[in-house]
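> fold the following for me, if possible:
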Amino acid sequence: MRRELPKLQMPMLSAVCLVVLTSMVLTQGCTKSSETNSPKKSNSPTTAENRISVVVTTGMVGDLVRHVAGDYANVVGLMGEGVDPHLFRPTSSDIGTLMKADLIIYSGLMLEGPMQPQFELARRKGRTVTAVADGLPKSQVRYPAGLEDHPDPHIWGDVGTWAMSLDHVVQILSEFDPKHADEYAANANAYRAKLMEVHEYAKSAIATIPEEQRYLVTAHDAFGYFSTAYEIPVKSVQGISTESEPGVQDINELVDFLVRNKVPAIFVESTVNAANIQAVVEGAKQQNWNVKIGGTLYSDSLGAPGTYEGTYIGMMDSNVTTIVKALGGKVPEKGLHGKLSLKK
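Residues are numbered from 1 along each chain as shown. This is a model prediction of the structure:
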């Protein structure tokens, strides 16, 4: 005989349904709560995948932007070690990189002259394109004699002026990514303090060169800002751009200057062919004055990636230390921070 199961009474059925329903609600509530509290992929550049994409031209600009952006940007440089920005023309791959960037930051003041068409194209495609030099007061920009329509673009030669450009970089990044504006400002201030240490080192070190020997002679006129900031007269074989070649008269006049002032050393540059400097050395020798090559200066590019000289601070430390040693001044053997490689 089949045994029938007892029927549930209505009150008991209601109680069971209430328990089941409550359990379902709590389970769903817990699931939703867990989803809400778990990390979400934000549109803000706080992860490796969401960093701002910034393309820069020179190593000096890249160094500046990286210090301000910190972990919030992926900074890609177009010009590597030893590349002359006056002559650089982007490849099709470089142009593709530019067009994919969120921000394009270049040095400015006509330094990257051949790249102007690509900058304009990027603007038309909606990219933010700006120059570091755009943030400087006009009073800080140098115009060489006879070139009133062509500003000197080598603003990084004066560390104090270069430090002033940090504010513009902060503004650029903060306008694109306002969420991290405070971090950008803090990063800039921390880096500014380090730059000013190098600035003071340059002033005090250059001052140790005997005044009668305090002349800086280089391959091209890339040290005008350096000259003004650190009170050392400068002469060069070429003008502010390397696009034009010096004439015989230019070389002869420089030779006469060296012999007349008994300048002990002149300098080659990492981005400029040394042939013209060698011609000056030979010309001085013919006038019975032996001028030596005092070393290699970093004018328009940083040193090798991954080295101390491959940073802006290392670049300037190297330049100052090399100049002072060669011209008879007093500096630490391995520079301000004791990190120079001395392989020059």
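> give me the neighbour count for the residue nearest to residue 69 when sequence neighbours are not counted.
Closest residue in space to residue 69, ignoring its immediate chain neighbours: residue 173 at 5.9 Å, by CB to CB, 6 or more residues apart in numbering. No exception for glycine: its C-beta is placed from N, CA and C like everyone else's. Residues near residue 173, counting by other CB atoms under 10 Å, number 28.
> list the contacts for residue 328?
Residue 328 makes contact with 209, 210, 213, 264, according to CB atoms under 8 Å, 6 or more residues apart in numbering.
> kindly report the same for residue 229.
The contact partners of residue 229, by CB under 8 Å, 6+ apart, come to 157, 158, 159, 160, 161, 199, 202, 203.
> give me the buried subset of these.
By neighbour count, with 16 or more other CB atoms under 10 Å, the contacts of residue 229 hold 157, 158, 159, 160, 161, 199, 202 as buried.
> now residue 135, nearest residue through space, not along the chain?
residue 168 (2.4 Å).
> the one you found - how many residues pack around it?
Applying other CB under 10 Å, I find that residue 168 has 20 neighbouring residues.
> one step back: nearest to residue 248, of the contacts of residue 328?
When the contacts of residue 328 are compared for distance to residue 248 (CB to CB), residue 264 wins out at 24.4 Å.
> which one is that closest one nearest to, not counting chain neighbours?
Counting by CB to CB, 6+ apart, residue 264 lies nearest to residue 213, which is 5.8 Å off, once chain neighbours are set aside.
> how about residue 334?
residue 340 (4.5 Å).
> okay but the one you found is in contact with residue 315, surely?
No. Counting by CB atoms under 8 Å, residue 340 sits too far from residue 315 to count as a contact (10.6 Å).
> overlap in contacts, these two.
residue 309.
> just the helices from the stretch 101-250 of the chain, written as ranges.
116-124, 159-164, 166-176, 181-206, 224-230, 248-261 (DSSP state H, counting those that start in this stretch).
> who touches the first one?
Outside helix 116-124, the residues within contact range by CB under 8 Å, 6+ apart are 90, 94, 95, 98, 99, 101, 104, 106, 112, 129.
> how does it look with 7 Å?
For helix 116-124, contacts defined as CB atoms under 7 Å, 6 or more residues apart in numbering pick out 90, 95, 98, 99, 104, 106, 129.
> what's the mean pLDDT across that helix?
Here helix 116-124 scores 97 as its mean pLDDT.
> return the distance of that helix from the chain's centre.
Put simply, helix 116-124 sits 21 Å off its chain's centre (CA atoms, centre = their mean, to the nearest Å).
> buried ones in that helix, by neighbour count?
Neighbour-count burial for helix 116-124 [16+ other CB under 10 Å]: 118, 119, 122.
> using PDB, write out every CA atom in that helix.
Provided in PDB are the C-alpha atoms of helix 116-124 (Å, rounded to 0.1, in the frame of the first residue of the first chain):
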ATOM      1  CA  GLN A 116      56.600  70.500 -39.300                       C
ATOM      2  CA  PRO A 117      54.400  68.900 -42.100                       C
ATOM      3  CA  GLN A 118      53.900  65.800 -39.800                       C
ATOM      4  CA  PHE A 119      53.000  67.900 -36.800                       C
ATOM      5  CA  GLU A 120      50.400  69.700 -38.900                       C
ATOM      6  CA  LEU A 121      49.000  66.500 -40.200                       C
ATOM      7  CA  ALA A 122      48.700  65.100 -36.600                       C
ATOM      8  CA  ARG A 123      46.800  68.300 -35.600                       C
ATOM      9  CA  ARG A 124      44.400  67.900 -38.500                       C
END
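> can you pull out the strands in this protein?
With DSSP state E as the criterion, the chain has strands at 52-56, 73-77, 103-106, 128-131, 216-220, 234-238, 265-269, 292-297.
> so which of those is nearest residue 193?
Nearest to residue 193, of all those, is strand 73-77, at 21.2 Å by CB to CB.
> hang on, the earlier thing: what would the contacts of residue 328 look like in CSV with neighbour count?
Below are the contacts of residue 328 laid out as CSV (neighbours: other CB atoms under 10 Å):
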residue, neighbour count
209, 24
210, 10
213, 15
264, 18
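> so which of those comes closest to residue 185?
Looking across these and measuring by CB to CB, the closest to residue 185 is residue 209, at 37.3 Å.
> correct me if wrong: the closest one contacts residue 326.
No. Taking CB atoms under 7 Å as the definition, residue 209 is not a contact partner of residue 326, at 9.3 Å.
> about what we covered before: is it true that the residue nearest to residue 264 touches residue 329?
No. Using CB under 7 Å, residue 213 is not in contact with residue 329; the gap is 8.4 Å.
> residue 305: what's it in contact with?
Per CB under 7 Å, 6+ apart, neighbours of residue 305: residue 81.
> one more: residue 176?
Contacts of residue 176 by CB under 7 Å, 6+ apart are 52, 102, 103, 128.
> got the contact list for residue 90?
For residue 90, counting by CB under 7 Å, 6+ apart, the contacting residues are 78, 115, 118.
> before we move on, what about residue 153?
Contacts for residue 153 (CB under 7 Å, 6+ apart) come out as 107, 108, 109, 110, 111.
> same question for residue 267.
217, 218, 293, 294, 295, 297.
> low-scoring stretches of this structure, by residue?
Scanning the chain with the threshold set as pLDDT under 70 gives 1-49, 239-244, 343-344.
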